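Visitor: Kindly return the folded structure for what I paste below:
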Amino acid sequence: MTYRMIFNQTAYFGRGAIQNLVPELQKRGHHKAFLITDAILLETGTAKKITDLLDEAGFPYEIFSDVAPNPPVENVKAGVAKFLESGADVLIGLGGGSPQDTAKAVGIIAANPEFSDVLSLEGVADTKNPSIPIIGIPTTAGTASETTINYVITDTEKHRKFVCVDPHDIPVLAIVDPDLTDSMPRSLKVATGLDALTHAIEGYITPGAWELSDSVHLTAIRMIAANLQKSADGDLEAGEKMAYASYIAGMGYSNVGLGLVHGMAHPLGGRYNAPHGLANGILLAPIMRYNAEFTGEKYRDIAHAFGIEGVYSMTLEEAREVACKAVEDLTVALGNPTSISAVGVTADGLDDLADEAFADVCTPGNPRPATRDEIRELYASLL
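Guide: From the prediction side, this is the model:
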């Protein structure tokens, strides 16, 4: 058995880390940046924190802010056209998963124009060339797009999200500056934090996991369990820890894969526009219970990472249940919905959801193989 791990060339962490942006651009010999972000980050002044640095250094740039949540194919095509017109030679993805995923798709297509339809990037695309260099700067603590080889695009015609997995798309540089994540509203802190927790837990129990990925995922689980609630309630130090935990979880899952929670969350986003982290929060504890008998001793470690005492003297069944209960209790305490009806799902939508989740690229990474009918039953149990 062999394992592959792919990480950023360079990453900076800490308050004020964004000061490294211009020196890195200059050191790498770039001459013009193409900043991909969204309208909200422009309006709130977050993007200005980046453009001020570029302006002060006299570093040329253009801004592309036409990025929608769950970025659609049309956003990507527009971004590619604008990038090619700009004459830029480096991309800056500023934001949560949507701007950063858009930057990845733009960078890959600009370097591999045979994939300009965007849809052909689904799954593991056979791209030949590395992306245009990308600098990933997160403003949320959840997706970890700044350090992964994955991105997600929405096919609006078919009302579905699809996952792209490509080692060529990983940002060459990541800058994780908690000063940029402090201003997230509580709802976004909750959703993105539950996304990060899902990354860590699914990455820990997927069959492709191994010692190195286990170490980062357990660290991330421990950090999230200790800090997510406090971060949501406005604690800045806890928010800083969440920014790092998100990245740490991304280091792991990007290399070993995810599972059924993500496989079932993607159709909820594509068909009902459910925020991704919110959907993961609905699904995580129930699917942990579904998977429990296929996870060996790992739920003991998850429960211990949540601070539960005595888990190594419990029966395995007890340890598994307290791990699931810890995740469930945190989800409820955060105020995340616990039913898919909360995002608009009704019984007549279950068949389409099950079909798409069964075909999702993340689903085969689940520790318990799931049939299409079992997936439908899981959705039905959460109405």
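
Visitor: All the helices of the chain, in order from the start?
Guide: Under the criterion DSSP state H, helices of the chain are mapped to 21-27, 39-43, 46-57, 73-86, 97-111, 186-205, 211-232, 236-256, 260-272, 276-291, 298-305, 316-334, 350-359, 372-381.

Visitor: out of the ones you listed, which comes closest to residue 148?
Guide: helix 236-256 (3.7 Å; Cβ to Cβ). For glycine as for every other residue, the C-beta is placed from the backbone atoms N, C-alpha and C.

Visitor: buried ones in that closest one?
Guide: For helix 236-256, a neighbour-count test (16 or more other Cβ atoms under 10 Å) marks 238-256 as buried.

Visitor: And stretch 52-71, by the same measure?
Guide: 53, 54, 59, 61, 63, 64, 65, 66, 67, 70, 71.

Visitor: which two from these end up farthest apart in space?
Guide: 59 and 70 (31.0 Å).

Visitor: nearest residue to the most centrally placed residue in the chain other than its sequence neighbours?
Guide: Central residue of the chain (Cα atoms, centre = their mean): residue 143, 2.4 Å from the mean position. Spatially, and ignoring its direct neighbours in sequence, residue 143 is nearest to residue 97 (3.5 Å; Cβ to Cβ, 6 or more residues apart in numbering).

Visitor: Next: residue 264.
Guide: Leaving aside its chain neighbours, residue 264 sits nearest to residue 357 (4.4 Å; criterion: Cβ to Cβ, 6+ apart).

Visitor: returning to what we had before: so which of the buried residues of stretch 52-71 would you say is closest to residue 160?
Guide: Nearest member of the buried residues of stretch 52-71 to residue 160, counting by Cβ to Cβ, is residue 70, at 10.3 Å.

Visitor: Distance of the residue sitting furthest away from the middle of the chain relative to residue 218?
Guide: Most distant from the centre of the chain: residue 313, at 34.5 Å, with distances by Cα atoms, centre = their mean. Separation of residue 313 from residue 218 (Cβ to Cβ, to the nearest Å): 19 Å.

Visitor: For residue 113, which residues are in contact?
Guide: Taking Cβ atoms under 8 Å, 6 or more residues apart in numbering, we find residue 113 in contact with no residue.

Visitor: Model confidence for it, exactly?
Guide: Looking at residue 113, its pLDDT stands at 97.

Visitor: now swap in the one 5 residues further on and tell me
Guide: Here the pLDDT value assigned to residue 118 is 96.

Visitor: Pull the number of nearby residues for it.
Guide: By the measure other Cβ atoms under 10 Å, the count of residues near residue 118 is 22.

Visitor: which non-adjacent residue is nearest it?
Guide: residue 73 (4.5 Å).

Visitor: And for that neighbour, the neighbour number?
Guide: Using other Cβ under 10 Å, residue 73 has 18 neighbouring residues.

Visitor: Could you tell me how far it is located from residue 301?
Guide: Using Cβ to Cβ, residue 73 is found at 40 Å from residue 301.

Visitor: One more: residue 167?
Guide: Computed as Cβ to Cβ, the residue 167 to residue 301 distance reads 29 Å.

Visitor: if we can go back for a sec, ok, the residue nearest to residue 143 - contacts?
Guide: Each residue near residue 97 by Cβ under 8 Å, 6+ apart is listed here: 140, 142, 143, 145, 151, 152, 276.

Visitor: what's stretch 350-357 in contact with?
Guide: Here stretch 350-357 makes contact (Cβ under 8 Å, 6+ apart) with 160, 260, 263-264, 266-268, 270-271, 345, 363, 372-373, 375-376, 379-380.

Visitor: Domain parsing of this protein, as residue ranges.
Guide: Annotated domains of the chain cover 10-180, 186-381 [the TED database].

Visitor: can you tell which of the ones you listed is closest to residue 4?
Guide: Counting by Cβ to Cβ, and looking across all of the domains of the chain, nearest comes domain 186-381 at 6.6 Å.

Visitor: dump the residue contacts of residue 49.
Guide: By Cβ under 8 Å, 6+ apart, residue 49 lies in contact with 18, 179, 180.

Visitor: same thing but 10 Å
Guide: Applying Cβ atoms under 10 Å, 6 or more residues apart in numbering, we find residue 49 in contact with 18, 21, 41, 94, 137, 139, 177, 179, 180.

Visitor: quick one: which of those sit in strands?
Guide: In this view, the contacts of residue 49 that belong to strands under DSSP state E are 94, 137.

Visitor: Pick the one among the contacts of residue 97 closest to residue 329.
Guide: residue 142 (19.7 Å).

Visitor: quick one: low-confidence parts of the stretch 101-250 of the chain?
Guide: By pLDDT under 70, the stretch 101-250 of the chain has no low-scoring segment.

Visitor: rewinding a little: if I look at the residue nearest to residue 143, how far off is residue 152?
Guide: 7 Å.

Visitor: who touches both of those two?
Guide: 70, 71, 104, 143, 145, 276.

Visitor: Could I get the contacting residues of the first one?
Guide: Yep, that's residue 70 we're talking about. Contacts here follow Cβ under 10 Å, 6+ apart; on that basis residue 70 touches 97-98, 101, 152-154, 156, 161, 266, 269-270, 273-276.

Visitor: Would you list the buried entries among the residues you listed?
Guide: For those, buried by 16+ other Cβ under 10 Å: 97-98, 101, 152-154, 161, 266, 269-270, 274-276.

Visitor: Show me which of those is closest to residue 12.
Guide: residue 97 (19.8 Å).

Visitor: residues near the residue lying closest to residue 206 once chain neighbours are set aside, how many?
Guide: Of all residues not flanking residue 206 in the chain, residue 365 sits nearest, at 4.5 Å (Cβ to Cβ, 6+ apart). When neighbours are counted by other Cβ under 10 Å, residue 365 registers 22.

Visitor: Save the helices of the chain as JSON lines, and put in distance to residue 171 too.
Guide: Shown next, in JSON lines, are the helices of the chain (distance: least, Cβ to Cβ, whole Å):
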{"stretch": "helix 21-27", "distance to residue 171": "11"}
{"stretch": "helix 39-43", "distance to residue 171": "17"}
{"stretch": "helix 46-57", "distance to residue 171": "15"}
{"stretch": "helix 73-86", "distance to residue 171": "15"}
{"stretch": "helix 97-111", "distance to residue 171": "8"}
{"stretch": "helix 186-205", "distance to residue 171": "17"}
{"stretch": "helix 211-232", "distance to residue 171": "18"}
{"stretch": "helix 236-256", "distance to residue 171": "11"}
{"stretch": "helix 260-272", "distance to residue 171": "21"}
{"stretch": "helix 276-291", "distance to residue 171": "19"}
{"stretch": "helix 298-305", "distance to residue 171": "28"}
{"stretch": "helix 316-334", "distance to residue 171": "29"}
{"stretch": "helix 350-359", "distance to residue 171": "28"}
{"stretch": "helix 372-381", "distance to residue 171": "33"}
